[in-house]
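>>> Sequence and predicted structure, then a few things I'm wondering about:
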Amino acid sequence: MKNMLKNNLLMKIISLFAGVFIWILVVYNLNPMATKTFTVPVTFINQSKLEAEGQTWVGDTPTVELTVSARSLDIGSISAEDFVVEGDLAGLYGLNDDQKQCNILVKKVRNEDIIEKVEASATWIYVSLEPFIERKFAIVPISDNVSLAPDYLKGKVTVSPSEITVRGRRSDVSRIYQAVVYISGQDVNEGFSEKVTPVLVDEKQNELKPGTDLKSVAEITSTVTATVPVMLSKSLNVSVKATGTPADGYYLREATPSREKINVIGPKEDLKSLSEIVLDPDISNLSESKTESIQLARYLLKVSENIKLADNEENSITVDLDIAKKPTKLYRFDKIEMENKNPLLEYTMTKDTYEIEVEFDSDKVDRPQVENIRVSVNVAGLQIGSVTTFSANSVNVVLPEGCNLLRKEDVTISVSEKTTQFNPPTLPEPTTEPPTVEPPEPITEAPTEPATPEVPPTETEPITTPEETPEETPEETLPDPTEELPTETIEETEEQLPYVIE
């Protein structure tokens, strides 16, 4: 019995080994080892260390071929996603600055239990390098899609922060022309602000997307605040009122601004009473025309700090200052006025004419006639036979408004006795005819007092009424022609009009 049990146990052990052997034989014959090849992209690590040195890798993503060994029944479940191939950028080596060698490491991330073996086509790869740069771009607001209510204009749109920093490969960053933000709105009648994300664009304003168009540039996630001031608009007249005085003998003929109107924006309260802006260029000591450039913002600030130039309105304006020489005119007088003269004396200029030169403030001043100009000299105290020269300072000249005396002469006056002949009046000849006596008027009313008794007239003395008494013709005594007649002064009632020679 014991022998039988011993024999059975031995048989069982033999049978177990035989089964294992048969199983191994079957597995190796029915499920043999198999291989498969995968192309796996290289994932770079420690890229920040390379960028810190001012460089980055460029070009297409490199790949490595992996040969994988596994049982035939398991090989089908293995894929390229089961592996990661890492390239360490912190350990680059090589003498060429533009190209370095980079060691690679294959990692299994899935199906490790069925993968028997993995072999890579290379243990290192070449990596092309390019400088990694950083550049700042000003953010440009584009508000073309903001439509405003009538009579309103946009002020200058501002962005805060006003610039953005872009980091990436030199080839990527050099494609960027500017950073912009787009702003929109409908029927806007007041200022507003909004947060927007900057967009990178090329020279043709085509958008460049980080990560795709710009592979080395990180996606922009930060936003900026764009502020659009919207205010009431108004058109102001531009006028010029120059300050200062030109050089002697010159005047400002005309001041012409390059624009007659400018557009401004501001609060309604500040613009309500404002209709023009007055420019005040300085013309001190100018003797020739010039063009002066003026900044409008400085003048608007004098009016109100809230009034600004409208969007797209140029700040600079020019004023043409036309400086001209003052016109002159020459006047000649054949007679001047003598003040405080002796009526018994004759005063005569030794020259035929007296001359003055007059300057006018501008071409627009009317030239006065000579009779509207008064030229006089004080001749008090001059004696008969004297010839006296009065300096130009002693000659008084009175001109109309807008005229300036440029030059006057000395004048020489000679004095003589008046030679005007006295003509006595013609007397009427005496008449021999008796005077005509008009008859007395009849008395129509009785006298109130008692009548006086009439006394008959005598024959020797006729009675005549006062009306009948003839008037005696007085006899006029004629002057004796032998006596010397006194000289009588005859004042001039009209002065001879002088003439003018221009």
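Looks like it arrived, so ask away. None of these values were measured; they are calculated from a predicted model.
>>> Lys12 belongs to a strand?
No. Under the criterion used here (DSSP: H, G, I helix; E, B strand; the rest coil), Lys12 is helix, not part of a strand.
>>> And it, how close does it get to Glu207?
Using Cβ to Cβ, to the nearest Å, one obtains 79 Å as the distance from Lys12 to Glu207. For every residue, glycine as well, the C-beta is placed using N, CA and C.
>>> So the protein: which segments form each domain?
1-27, 31-122, 132-228, 232-325, 328-417 (automatic domain parsing).
>>> mean confidence for the third one?
Spelled out, that is domain 132-228. Regarding domain 132-228, the rounded mean pLDDT is 91.
>>> and it, how far out from the chain's middle?
Put simply, domain 132-228 sits 29 Å off its chain's centre (Cα atoms, centre = their mean, to the nearest Å).
>>> distance between the ends of it?
This stretch, domain 132-228, spans 36 Å end to end (Cα to Cα, to the nearest Å).
>>> Pick out the shakiest of the domains of the chain, pLDDT-wise.
domain 1-27 (a mean of 68).
>>> before we move on, which element is Phe171 in?
Quick fix: residue 171 is Ser, not Phe. Using DSSP states H and E, Ser171 falls within helix 170-173.
>>> Report the buried residues of that helix.
Neighbour-count burial for helix 170-173 flags Arg170, Asp172, Val173 (criterion: 16 or more other Cβ atoms under 10 Å).
>>> got it, and stretch 405-412?
Result for stretch 405-412 [16+ other Cβ under 10 Å]: buried residues Lys408, Val411.
>>> which other residues reach it?
Stretch 405-412 is contacted from outside by 328, 336, 349-351, 354-359, 377, 387-392, 395, 397, 399, using Cβ atoms under 8 Å, 6 or more residues apart in numbering.
>>> Mind doing that once more with 7 Å?
Contacts of stretch 405-412 with the rest of the structure, by Cβ atoms under 7 Å, 6 or more residues apart in numbering, involve 328, 336, 349-350, 354-359, 377, 387-392, 395, 397, 399.
>>> Same check on stretch 59-78?
By Cβ under 7 Å, 6+ apart, the residues outside stretch 59-78 that reach it are 31-42, 83, 85, 104, 106, 111, 114-122, 125, 128.
>>> if we go to 8 Å?
Contact with stretch 59-78 is made by 31-42, 80, 83, 85, 87, 104, 106, 111, 114-122, 125-128, as judged by Cβ under 8 Å, 6+ apart.
>>> what's the distance between it and the middle of its chain?
74 Å.
>>> Near Ser15, how many other residues are there?
10 (other Cβ atoms under 10 Å).
>>> counting contacts, what elements does the helix holding Ser171 pack onto?
Secondary-structure packing of helix 170-173 (3 or more Cβ pairs under 8 Å, 6 or more residues apart in numbering; DSSP states H and E): strand 124-148.
>>> Could you list the paired strands of the strand it packs on along with their orientation?
According to DSSP bridges, strand 124-148 forms sheet pairs with strand 55-58 (antiparallel), strand 99-108 (antiparallel), strand 163-169 (antiparallel), strand 178-188 (parallel).
>>> Could you pull out the buried residues of that strand?
124-125, 127, 129-130, 132-133, 137, 139, 141-143, 146, 148.
>>> Closest one of those residues to Ile265?
Nearest to Ile265, judged by Cβ to Cβ, of the buried residues of strand 124-148 is Leu148 at 10.5 Å.
>>> Next one: Met338 from Asn312, what distance?
72 Å.
>>> just so I have it, where are all the strands in the stretch 301-450 of the chain?
Secondary structure of the stretch 301-450 of the chain, counting by DSSP state E, counting those that start in this stretch: strands at 308-309, 316-325, 328-333, 337-339, 345-349, 354-360, 374-378, 387-390, 396-398, 403-408, 411-417.
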